[in-house]
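Enquirer: could you look at this predicted model? Sequence included:
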Amino acid sequence: MNRFSCPTLGGMLLAMCLAASLAQAHDDDDEARHEKHQHQQHSQDERDRHAYTLSNPKLKAECGSCHVVYPPKMLPAASWAEIMQHLDKHFGTDASVDAATQRELGELFHHEAASHDEAKSGRPVLRITETHWFQREHRELSARTWRNPKVKSASNCGACHTKAEEGRFGEHEVRIPR
């Protein structure tokens with residue numbers, strides 16, 4: 001028998017197929033790891049896209065004493081300026097603060113505000129729930145959801161956004177009460 005006999009050739013072919021399969025499996029594993037990393041990164045990017053820093057102690061103390069602290073990026077600067085000018089009539093409540101706090105929070109809102117969002121009237125939007133962004137993000141929710149006694153209103157972010165107090169509003173942290 002010559003050195004290229006069928007059993008030896010068959011063994012070599014089998015070894016080559018096995019090596020190719022292992023290489024493909026390794027490539028598949030690499031691809032799966034890459035896809036998993038991409039998904040994790042996308043998920044993290046998605047979470048980060050809906051996360052806001054709420055580290056200012058005065059913001060937490062003054063605004064957070066009555067309601068969830070709304071991140072400045074949820075309204076444009078003109079809206080925050082309007083809200084800050086009328087704190088004595090803040091949605092039916094006197095939320096007045098001393099002049100230094102008003103100035104500090106006004107600057108914070110001005111610098112961290114959204115780029116724009118106006119009502120059709122051209123006037124500043126004073127309610128986050130009336131912004132185009134909010135309405136687009138919540139369009140799939142029914143009026144019944146907002147009337148749920150555990151939710152009460154669209155402005156009660158913490159009812160559904162479990163990490164709202166931390167400034168996190170991503171979809172992965174939403175639990176709609178039943």
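Expert: Sure, I can see it. Residues are numbered from 1 along each chain as shown.
Enquirer: roughly how far apart are the closest residue to residue 113 other than its chain neighbours and residue 105?
Expert: In space, and not counting its chain neighbours, residue 113 is closest to residue 77: 3.9 Å by Cβ to Cβ, 6 or more residues apart in numbering. Backbone N, C-alpha and C define where each C-beta goes, glycine included. Here residue 77 is placed at a distance of 12 Å from residue 105 (Cβ to Cβ, to the nearest Å).
Enquirer: the residue nearest to residue 113: what's it in contact with?
Expert: Neighbour list for residue 77: 109-110, 113-114 [criterion: Cβ atoms under 8 Å, 6 or more residues apart in numbering].
Enquirer: how about a cut-off of 10 Å?
Expert: 106, 109-116, 124 (Cβ atoms under 10 Å, 6 or more residues apart in numbering).
Enquirer: just the ones of the residues you listed in helices?
Expert: Counting by DSSP state H, the part of the contacts of residue 77 found in helices is 106, 109-112.
Enquirer: tell me which of those residues is nearest to residue 153?
Expert: residue 109 (22.2 Å; Cβ to Cβ).
Enquirer: which residue is the nearest non-sequential neighbour of the closest one?
Expert: residue 80 (3.4 Å).
Enquirer: neighbours around the one you found, how many?
Expert: 23 (other Cβ atoms under 10 Å).
Enquirer: my read: it touches residue 102, true?
Expert: No. Using Cβ atoms under 10 Å, residue 80 is not in contact with residue 102, being 11.4 Å away.
Enquirer: OK, contacts around the closest residue to residue 176 other than its chain neighbours?
Expert: Excluding its sequence neighbours, the residue lying closest to residue 176 (Cβ to Cβ, 6+ apart) is residue 160, at 5.1 Å. For residue 160, the contact set (Cβ under 10 Å, 6+ apart) comprises 138, 141, 145, 148, 150-151, 154, 169, 173-177.
Enquirer: measure residue 160 to residue 169 for me?
Expert: Distance from residue 160 to residue 169, by Cβ to Cβ: 9 Å.
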